[in-house]
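Asks: test case, fold it:
(chains A and B)
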Amino acid sequence: MESASLPVGHAGEHEHHGPPDFHRSARIDQTVLGILIFILSEIMLFASFFAAYFFIRVVVSPDSWPPAGVELPVLIAGINTVILVSSSFTVHYALEAIKHNNHRGLRLGLGMTWLLGATFLFIQLNEYVHIGFSARDGAFGSIFYGLTGLHGAHVFVGLLLLTFANIRAWRGHFGPEQKNHLGVEVPGIYWHFVDIMWIVVFVTIYVI
Amino acid sequence: MAVALRQPGWYRGALGALLGAAFGFGLVVALRAISGLDVFQTEQTGYPHVIVPLITTPFGFLFGFGAFDYWFRWAAGKPTVPEDHANHGATRWQDYFKFNTDHKVIGIQYVVTTFGFFLIGGLLALLIRAELAQPGTQIVDANVYNGLFSTHAVVMIFLFIIPMFAGIANYVLPLMIGAPDMAFPRLNALSFWLLPIAGIIFLGSFLAPGGAFDAGWTGYAPLSAGAPLGQSFFNIGVQFAGASSIATALNFLVTIITMRAPGMNLWRMPLLVWANLSTSLLVVGATPFIAGAQFMVLFERALGMNFFQFLEGGDVISYQHIFWFYSHPAVYIMMLPGFGIISEIISTHSRKPVFGYRLMALALIGIVVLSYSVWAHHMFVAGMFDWLRVPIMITTLLIAVPTGIKIFSWLGTMFYGKIHTYSTSMLFALGFIVTFLIGGISGVMVGMVPLDIHMSDTYFIVAHIHFVLFGGSVFTIFAGIYHWFPKMTGRMYDEKLGRVHFWGTMIGTWGTFVPQHWIGLDGMPRRVADYASQYGDWNLVISVFAFILGTVQLVFVYNMIVSWRFGPKAGNNPWRANSIEWQVSSPPPVFNFDQIPRVVGGPYEYGTPGARHAIMGDEDELELPEPKPSTVAGPA
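Replies: Numbering: from 1, shown residues only, chains lettered A, B, ... in the order given. Below you'll find the predicted structure:
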């Protein structure tokens, strides 16, 4: 292990065991930039489903929307919205906590976020069971389940990421420096995206 | 054996694939049992017992192969080292068949694999031409013919042109910007391994009951929604290929933004880097649309949902809108990296700076912006909104402006230059300009609504897309491979064979695709296995040239394989080029640089005495001038 103690990248040293440190040409962290670009892609995936939604609603059946006999549970979905939006605040609290080296706050915030997200998903599934129409019932049913299901899948992925963050938070792997809490920040950014996207889905499907 | 099954690799990959298939099959059986359906479907509409394993098997393979090992360790909260180089670099040929995180190894994996798919797609094309050589039915019936042209297009687009550009850039781009690797090496490796999976799925559709997917590469719904099982292979394969290209594009964007060498501001980036920056913006923004479209078709087929069925309240045309919102930008995804390659080659072999460098870069960005606004020119006769036709026609014609800027700038670069045509790469670059120009102009023709109404679904369209995709993309790919072959292998190829390959390809391309314009204008429809006998003579001519074109590619294969093994040593910089990748050894060392180079000038300062692009780390720093501050502010 002697070589490891030598200064890396010394001019006279021709053998080394890793790459030279790359030059950082932007201040933003690579992982954060990566998740932001990935979210751009995700927004476009949602946009393709929204495009289908508006073609069905505006072009094909502008006069009968939603179809006769369909009542969407706006109140329950609204409560669900409040639950999901509040989870954005708890994940932000967790990030702020670890920035100030508050591990208890981190665990509390991440745990709350996970529970709120799981509650959202549970209520959503319960809504599917009781809503009274299926994905096969015409284009309305298909695009309803398509959009909310696509969003639900994203909540599920977000929950997985939060699970990993929770595990590492309980093991005390995170710290106040940015490179030591990317495991909280990156799932947090994704979670905010899932939240904001739900507001768009909710307003489109249930409200307008 | 037990040890081999525990370590990541092919054995564990095979086991993972088996487990993945069993899991998918079991999942379908279990879910059907729970919901009270017949455990084994007898009516066979959606084939869930096939398509669910088709999704889970690749993931099982990737788990076994080691693609997710690091992320699993991370997810389980085990200690991990972000700079883990266990899978990095190649010392033996076997290392090219592993989950390797070195961008140079991945680049070669990409180039070789996608070239294999090019040969497969080419064989499919020759089968098409054999069938069309005479009127009537020759070797295949109409159904098989539909499968042939569909798979030909899909293999060429999703498995050859798009990933080949990703492969060339994977090798060259980190070297060009002075980075030791890509930003996310493990994601980079995963993107590569998704490709052969997509290829196996696409080609595996030939084994499905009902034959290969046959709704064209566009897979228009509702036709595709009711097609036999093979269509689902297309829906799923596109997801794997699309995920691969999104991940690669994300990787390129982060690499270009965060890992440039000191001194390389935006206006000192080589145009290949600019081209990949713009292409990646297109991929990240547009590819999710084809993913969405194919998800919807898959849901229609497998779950009985209705997005595009008019009788169920769906919109028939909306599939085309969503599909082309990806697939028109996709033609620029297939073209912009080629523009970058050509800029490098023309400048190097004319010994002159690129004419209008900044405008060249801005033209790329202009194409990116405009290409999002032209999708509906594929739908002038589809029955879409009338009011959309003229605006889309105008944006379509506008896009010829930035493209024209690029063509004129290449000509301006060569003007009074010392043009070196001894290199096959330069020959292909020149051939590209001529051929692509014709394809571009016929594109302006079909972009006009009245002409398009006449030419829609005729061989004129086939001629146009082959002039831009073969004369454009494939020529630039060959130019790029010839140009960087010495860097990738450390050896020179045979220029004589290269010239044979170039002239054969040039004559084959023009002979094959020029007459298609004429029979197209006469009204010969595309995508039909048989045709009126009056087109017979021209079709025979086309088929003969197509076989010449196909045969000549064998010269290329021979040249590449033999030169790779036995060619003379190339040296570091056989083309006397300025950009950074030529300043390191051929092939470059495992981590590219001992010290990150410093960029002190533009990349194309040919002919200016004493001008430098970059100062390598091992040069004596005292004698060299300080980097000049750039006049245009870029991100520091």
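
Asks: low pLDDT regions in chain A?
Replies: Where chain A drops to pLDDT under 70, the residues are A:1-18.

Asks: pick out the residue of it closest to chain B.
Replies: residue A:48 (2.8 Å; Cβ to the nearest Cβ). For the C-beta atoms, the positions are set from N, CA and C on the backbone; glycine is no exception.

Asks: wait, that residue sits on residue B:292?
Replies: Yes - the pair residue A:48 / residue B:292 is scored as a contact, 2.8 Å apart, by Cβ atoms under 8 Å.

Asks: which neighbours do those two have in common?
Replies: Residues touching both residue A:48 and residue B:292 (Cβ atoms under 8 Å, 6 or more residues apart in numbering or on different chains) are residue B:322.

Asks: per-domain residue ranges of chain B.
Replies: Annotated domains of chain B cover B:2-75, B:100-566 [automatic domain parsing].

Asks: need the least confident one among the ones you listed, by mean pLDDT.
Replies: In terms of average pLDDT, domain B:2-75 trails the rest of these, at a mean of 88.

Asks: wait, does it contact chain A?
Replies: Yes - against chain A, domain B:2-75 shows contacts by Cβ under 8 Å from any Cβ of the partner chain at B:74, B:75.

Asks: output the domains of chain B in TSV, with mean neighbour count and distance to residue A:149 appended to each entry.
Replies: As requested, the domains of chain B are exported to TSV (neighbours: other Cβ atoms under 10 Å in any protein chain shown; distance: least, Cβ to Cβ, whole Å):
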stretch	mean neighbour count	distance to residue A:149
domain B:2-75	16	15
domain B:100-566	21	9
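
Asks: mind putting those into TSV with distance to residue A:193?
Replies: Formatted as TSV, the domains of chain B follow (distance: least, Cβ to Cβ, whole Å):
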stretch	distance to residue A:193
domain B:2-75	20
domain B:100-566	14
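
Asks: tell me which element the closest residue to residue B:38 other than its chain neighbours falls in.
Replies: Using Cβ to Cβ, 6 or more residues apart in numbering or on different chains and skipping the chain neighbours, the partner closest in space to residue B:38 is residue B:32 (6.9 Å). Assigned by DSSP states H and E, residue B:32 falls within helix B:10-34.

Asks: closest point of chain B to chain A, which residue?
Replies: Among all residues of chain B, residue B:292 sits closest to chain A, at 2.8 Å; criterion: Cβ to the nearest Cβ.

Asks: quick one, strands of chain B?
Replies: Taking DSSP state E as the criterion, chain B carries its strands at B:598-599, B:614-615.

Asks: one step back: residue contacts, the residue of chain A closest to chain B?
Replies: Counting by Cβ under 8 Å, 6+ apart, residue A:48 touches B:288, B:289, B:291, B:292, B:293, B:322, B:325.

Asks: the residue of chain B closest to chain A against residue B:322, yeah?
Replies: Yes - if you go by Cβ under 8 Å, residue B:292 and residue B:322 touch, sitting 6.2 Å apart.

Asks: in a markdown table: the strands of chain B, plus distance to chain A and mean pLDDT.
Replies: Below are those laid out as a markdown table (distance: least, Cβ to the nearest Cβ, whole Å; pLDDT from 0 to 100):
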| stretch | distance to chain A | mean pLDDT |
| --- | --- | --- |
| strand B:598-599 | 9 | 92 |
| strand B:614-615 | 12 | 90 |
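
Asks: need those in TSV (columns: mean neighbour count).
Replies: Formatted as TSV, the strands of chain B follow (neighbours: other Cβ atoms under 10 Å in any protein chain shown):
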stretch	mean neighbour count
strand B:598-599	24
strand B:614-615	23
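
Asks: what's the closest of those strands to residue A:22?
Replies: Taking Cβ to Cβ, strand B:598-599 is the member of the strands of chain B nearest to residue A:22, at 13.2 Å.

Asks: quick check: residue A:117 touching residue A:155?
Replies: Yes - using Cβ under 8 Å, residue A:117 is in contact with residue A:155, at 6.0 Å.

Asks: so which of the two has more stuff around it?
Replies: A count of neighbours by other Cβ atoms under 10 Å in any protein chain shown puts residue A:117 above the other of residue A:117 and residue A:155, at 24 against 21.

Asks: element containing the more buried one?
Replies: For residue A:117, the host element (DSSP H and E) is helix A:103-130.
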